[in-house]
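> Test case, fold it:
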Amino acid sequence: MDAILVSSNNKGDTNLLLKLLKKMGLKSKLLSETEKEDYGLLAAMLEADRSEIEDESIIINKLNEKCK
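Here you go, the predicted structure:
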């Protein structure tokens, strides 16, 4: 199974895309803020350089950038 992640700042576009996907018989899910944060955290963890310890503020900034 393939997956596509789409980000939009326009609710109208988002609703149109969700309706289109439903009409095509494809499953779709609108992610909550918590789910987006979880995805950002997972992505940061997978990309992490584990050879050194980073300052906490640097980590928080990187996580915030991933969730935008």
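> Please tell me I have it right and residue 62 contacts residue 44.
Yes: the pair residue 62 / residue 44 is scored as a contact, 5.7 Å apart, by Cβ atoms under 8 Å. Any C-beta I mention is one placed from the backbone N, CA and C, and that applies to glycine too.
> quick one: least confident helix or strand in this structure?
Comparing helices and strands within the chain by mean pLDDT, DSSP states H and E singles out helix 56-66 as the least confident, with a mean of 85.
> So which elements touch it?
Taking 3 or more Cβ pairs under 8 Å, 6 or more residues apart in numbering; DSSP states H and E as the contact definition, the neighbouring helices and strands of helix 56-66 are helix 33-47.
> got the buried residues for the helix it packs on?
For helix 33-47, the buried set under the neighbour-count rule, 16 or more other Cβ atoms under 10 Å, comprises residue 40.
> From the rest of the structure, what touches it?
In this structure, residues lying in contact with helix 33-47 by Cβ atoms under 8 Å, 6 or more residues apart in numbering are 31, 59, 62-63, 66-67.
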